[in-house]
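Chemist: missing the sequence, but the structure's below:
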């Protein structure tokens, strides 16, 4: 119910405000974004997720043009042109907490972005 949801968000906000470092608050931010999305507040979830990504120095547009999407896709394809799936699978596992947090947030907000603008 709504009262329980608001109480839960208050607890998450307390964790965020009491975190010693931004990295310490990443899981709480992810929980907040997930909670907002679960309630159907896709815009709020997306905005909160984008704000977190910006703090992690991830440049992301909430309303990219088709041209920008195409250019980024082509750039990625160009960078991967000589890589096989096997060579990508052999890359070392990511262990940077900020990059892991960014990947988690990107994965989470992707679902909400699709709901907003399929």
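Modeler: Arrived safely. Predicted model, so just to flag it, every value in this text is computed and none were measured. Residues are numbered from 1 along each chain as shown.
Chemist: Give the residue farthest from the middle of the chain.
Modeler: No residue in the chain sits farther from the centre than residue 82, which is 28.1 Å out by C-alpha atoms, centre = their mean.
Chemist: Which phi and psi values does that residue adopt?
Modeler: phi -110, psi 10 (degrees, to the nearest 10).
Chemist: Where do the helices of the protein begin and end?
Modeler: For the chain, helices defined by DSSP state H occupy the ranges 2-18, 22-38, 42-55, 66-79, 85-89, 97-116.
Chemist: Pipe those into a markdown table and attach mean neighbour count per row.
Modeler: (Glycine included, C-beta is placed from N, CA and C.) Listed next are those as a markdown table, based on neighbours: other C-beta atoms under 10 Å:
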| stretch | mean neighbour count |
| --- | --- |
| helix 2-18 | 12 |
| helix 22-38 | 18 |
| helix 42-55 | 19 |
| helix 66-79 | 10 |
| helix 85-89 | 8 |
| helix 97-116 | 16 |
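Chemist: Pick out the shakiest of the ones you listed, pLDDT-wise.
Modeler: Least confident of these, judged by mean pLDDT, is helix 2-18 with a mean of 83.
Chemist: and the angle for it with helix 22-38?
Modeler: Relative orientation of helix 2-18 versus helix 22-38 (axes from the mean of the first three to the mean of the last three C-alpha atoms, to 10 degrees): 160 degrees.
Chemist: Identify the residues contacting residue 108.
Modeler: Residues near residue 108 by C-beta atoms under 8 Å, 6 or more residues apart in numbering: 30, 33-34, 37, 45, 49.
Chemist: switch to 6 Å and redo it
Modeler: Going by C-beta atoms under 6 Å, 6 or more residues apart in numbering, residue 108 touches residue 33.
Chemist: roughly how far apart are it and residue 75?
Modeler: Look at residue 108 and residue 75: by C-beta to C-beta, to the nearest Å, they are 24 Å apart.
Chemist: cool, and residue 58?
Modeler: Here the criterion is C-beta to C-beta. By it, residue 58 lies 16 Å from residue 75.
Chemist: ditto for residue 63
Modeler: Using C-beta to C-beta, residue 63 is found at 19 Å from residue 75.
Chemist: can you tell me which residues contact the residue nearest in space to the middle of the chain?
Modeler: The residue lying closest to the centre of the chain (C-alpha atoms, centre = their mean) is residue 105, at 2.0 Å. Taking C-beta under 6 Å, 6+ apart, we find residue 105 in contact with 49, 52-53.
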